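Q: Have a look at this prediction, sequence included:
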Protein chains: 2
Amino acid sequence: MTQLQRRKIPDAAIARLPIYLQILNNLAATNVLRFSSDELAALAGVNAAKVRKDLSYLGSYGTRGVGYEVTYLTHQIKRELGLMREWNVVVVGAGNLGCALAKFDGFLSRGFPVVAIVDNDPKKIGRTTSSLTVGDVNDLKNIVRDEKISIGVITTSSAASQAAADSLLDAGITSILNFAPVVLSTPSSVSVRNVDLGVELQILSYFEQMRFETGGKSENAPQLNTAGAR
Amino acid sequence: MTQLQRRKIPDAAIARLPIYLQILNNLAATNVLRFSSDELAALAGVNAAKVRKDLSYLGSYGTRGVGYEVTYLTHQIKRELGLMREWNVVVVGAGNLGCALAKFDGFLSRGFPVVAIVDNDPKKIGRTTSSLTVGDVNDLKNIVRDEKISIGVITTSSAASQAAADSLLDAGITSILNFAPVVLSTPSSVSVRNVDLGVELQILSYFEQMRFETGGKSENAPQLNTAGAR
DNA sequence: AGGGCTTAGTGCATTAATTCACAAAGTTAA
DNA sequence: TTAACTTTGTGAATTAATGCACTAAGCCCT
């Protein structure tokens, strides 16, 4: 009733904002100043009305007859998503994937510097990978405090993932990106997003098989939307 | 009308089947023979009615008063998802992420062997990574044919991703898993799933910021559901 | 063989997401 | 100033997904 009701943006729209942001960055890089909902829709592969509705959750930042300004809207999306600051990340699990992610510049470039990597294997602790030394998962509490870490990324084996999550929770982390193909058990106040690469392939497999069975004249492929957690 | 109407399973349900499958594998590994929709729901973190409805799309494979049989249902889900066979995978882009994925046993163990990896950089072509030699992206057509590849995984830079996709399409690939933060332009008959790690973190950032602004008494975190493609 | 208990399957109400379609607001040009 | 044109913002219709709550089935115990 009061305007205290924090903007409540539908989940589906939130999942699309980062994609719009990505496209706006590309537009800015090519010196585009303005765009219409039609143009953004074409680039994002979605319906123009959806784009307008999504953007309208941020406020009324377009100009009728003209469109939206790239820089201004970029700013608004970043504000909404909490991207006006950096969020430090710790990777738990210094295997292939963990080390690759620690080096991965897609994290840093989007404002999520990986400032620490830890493992529970004494053989790995102390090794250096891309300017980070692998720490001990038992020191996580201190590391999180000292490095002001907000987000934990789990790249351990399935077997170790729940323990990794528990360590993160114990260290006060409330946002987790989980690569282990396991449904983590966490308090509902914690945000967990799962990226299960096997799941992605299995979904592709379903559509691939459909094409096979229906002799290629399949329905269209799945839609853009985004994936979840908890 | 005729029973020709190929089973039409809702997208949201398809995205959950791999997760159920994962859990069933764990149950089998611990010698559990049967389970109820309640139990599976608890393990998957979803509503029991949803589990029953999802499973009912496969057919009527439960027994009232008893539950579902682990092995039988596993079989049915695999059949439905097209997992009765293996699907060969090629990784395009032999950078950090690409090489990590080529080694990643989560692919092989779920029935998606990485049988080839290619790049366009002469410096990388010819190198060996985990028993695979990096091939030339220009040979993709032959490689796909010879190795009977069904799925392409794009781990190039953003700039190179569309060219990678075009090469895959040209080689006859109809299922793509794209790690580049770019909306690929592809015919609608092709299945594309995007895994944008930056997007995942940005979504977490939103909820993290919400917690910040509302003083921690935030709404619950996002739901389980899965992510998509063009 | 019958009653009580458990659990799948599903119709239906509810909620969420998408899309349509149009009025409101702005631009441009004569 | 006015008319023609563009494009946003949004109410309303539509479609999809979710979850309740009940019925139908099967098991187990006495």
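A: Received it, and whenever you're ready, just let me know what you need.
Q: With adjacent residues omitted, what lies nearest to A:Lys50?
A: Nearest in space to A:Lys50, with sequence neighbours left out and distances taken as C-beta to C-beta, 6 or more residues apart in numbering or on different chains, is A:Ala41 at 7.2 Å. (Glycine included, C-beta is placed from N, CA and C.)
Q: element containing the one you found?
A: Assigned by DSSP states H and E, A:Ala41 falls within helix A:37-44.
Q: what's the answer for A:Glu200, then?
A: Secondary structure assignment for A:Glu200, by DSSP H and E: helix A:197-213.
Q: count of neighbours near A:Thr30?
A: 7 (other C-beta atoms under 10 Å in any protein chain shown).
Q: Quick check: it vs A:Leu43, distance?
A: Using C-beta to C-beta, to the nearest Å, one gets 12 Å for the distance from A:Thr30 to A:Leu43.
Q: Also A:Tyr57?
A: 19 Å.
Q: Show me where chain A has its helices.
A: Under the criterion DSSP state H, helices of chain A are mapped to A:11-29, A:37-44, A:48-56, A:70-81, A:96-103, A:105-108, A:140-146, A:158-170, A:197-213.
Q: Dump these into JSON lines; add mean neighbour count as well.
A: Listed next are the helices of chain A as JSON lines, based on neighbours: other C-beta atoms under 10 Å in any protein chain shown:
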{"stretch": "helix A:11-29", "mean neighbour count": "19"}
{"stretch": "helix A:37-44", "mean neighbour count": "18"}
{"stretch": "helix A:48-56", "mean neighbour count": "17"}
{"stretch": "helix A:70-81", "mean neighbour count": "18"}
{"stretch": "helix A:96-103", "mean neighbour count": "22"}
{"stretch": "helix A:105-108", "mean neighbour count": "16"}
{"stretch": "helix A:140-146", "mean neighbour count": "16"}
{"stretch": "helix A:158-170", "mean neighbour count": "18"}
{"stretch": "helix A:197-213", "mean neighbour count": "22"}
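Q: could I get those helices as a markdown table with mean pLDDT and distance to DNA strand D?
A: What follows is the helices of chain A, written out as a markdown table (pLDDT from 0 to 100; distance: least, C-beta to the nearest atom of the strand, whole Å):
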| stretch | mean pLDDT | distance to DNA strand D |
| --- | --- | --- |
| helix A:11-29 | 97 | 10 |
| helix A:37-44 | 97 | 4 |
| helix A:48-56 | 98 | 4 |
| helix A:70-81 | 97 | 9 |
| helix A:96-103 | 93 | 28 |
| helix A:105-108 | 91 | 28 |
| helix A:140-146 | 98 | 32 |
| helix A:158-170 | 97 | 23 |
| helix A:197-213 | 93 | 13 |
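Q: Those into JSON lines, with extra columns for distance to B:Thr71?
A: Listed next are the helices of chain A as JSON lines, based on distance: least, C-beta to C-beta, whole Å:
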{"stretch": "helix A:11-29", "distance to B:Thr71": "35"}
{"stretch": "helix A:37-44", "distance to B:Thr71": "43"}
{"stretch": "helix A:48-56", "distance to B:Thr71": "43"}
{"stretch": "helix A:70-81", "distance to B:Thr71": "44"}
{"stretch": "helix A:96-103", "distance to B:Thr71": "30"}
{"stretch": "helix A:105-108", "distance to B:Thr71": "40"}
{"stretch": "helix A:140-146", "distance to B:Thr71": "39"}
{"stretch": "helix A:158-170", "distance to B:Thr71": "20"}
{"stretch": "helix A:197-213", "distance to B:Thr71": "18"}
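Q: Tell me who's in contact with A:Leu184.
A: By C-beta atoms under 8 Å, 6 or more residues apart in numbering or on different chains, the residues touching A:Leu184 are A:154, A:161-162, A:165, A:176, A:178, A:192, A:194, A:230.
Q: Recalculate using a threshold of 6 Å.
A: Contacts for A:Leu184 (C-beta atoms under 6 Å, 6 or more residues apart in numbering or on different chains) come out as A:165, A:178, A:192.
Q: So which residues on chain A come close to DNA strand C?
A: If contacts are counted using C-beta under 7 Å from any atom of the strand, the residues of chain A sitting beside DNA strand C are A:10-13, A:46-47, A:49-50, A:52-53, A:63-66, A:223, A:225.
Q: let's see it at 10 Å
A: Applying C-beta under 10 Å from any atom of the strand, one finds that chain A approaches DNA strand C through A:8-16, A:37, A:41, A:46-54, A:60, A:62-67, A:223-226.
Q: and chain A, what are its domains?
A: Using automatic domain parsing, the domain ranges for chain A come out as A:11-81, A:88-195.
Q: Looking at those, which is nearest to B:Asp136?
A: Taking C-beta to C-beta as the criterion, B:Asp136 comes closest to domain A:88-195 out of these, the separation being 22.7 Å.
Q: mind listing what A:Gly198 touches?
A: When the contact criterion is C-beta under 6 Å, 6+ apart, the partners of A:Gly198 are A:181, B:106, B:110.
Q: can we see that at 10 Å?
A: Remark: with contacts taken as C-beta atoms under 10 Å, 6 or more residues apart in numbering or on different chains, A:Gly198 is in contact with A:181, B:18, B:21-22, B:104, B:106-112.
Q: Could you do A:Trp87 as well?
A: Counting by C-beta under 10 Å, 6+ apart, A:Trp87 touches A:107, A:110-113, A:148-151, A:175, B:201-202, B:204-205, B:208-209.
Q: Of the residues you listed, which pair is most distant in space?
A: Every pair of the contacts of A:Trp87 checked by C-beta to C-beta; the farthest is A:Lys148 and B:Gln202, at 18.7 Å.
Q: wait, isn't A:Val144 in contact with A:Val137?
A: No - counting by C-beta atoms under 10 Å, A:Val144 sits too far from A:Val137 to count as a contact (11.3 Å).
Q: Residues that sit against both of the two, list them.
A: With C-beta under 10 Å, 6+ apart as the test, A:Val144 and A:Val137 both reach A:90, A:118, A:167-168, A:171.
Q: Using JSON lines, lay out these together with distance to B:Ala100.
A: Listed next are those as JSON lines, based on distance: C-beta to C-beta, whole Å:
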{"residue": "A:Val90", "distance to B:Ala100": "18"}
{"residue": "A:Val118", "distance to B:Ala100": "18"}
{"residue": "A:Ser167", "distance to B:Ala100": "23"}
{"residue": "A:Leu168", "distance to B:Ala100": "22"}
{"residue": "A:Ala171", "distance to B:Ala100": "26"}
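Q: mind listing what A:Ile23 touches?
A: With contacts defined as C-beta under 10 Å, 6+ apart, the neighbours of A:Ile23 are A:35, A:39-40, A:42-44, A:70, A:74, B:181-183.
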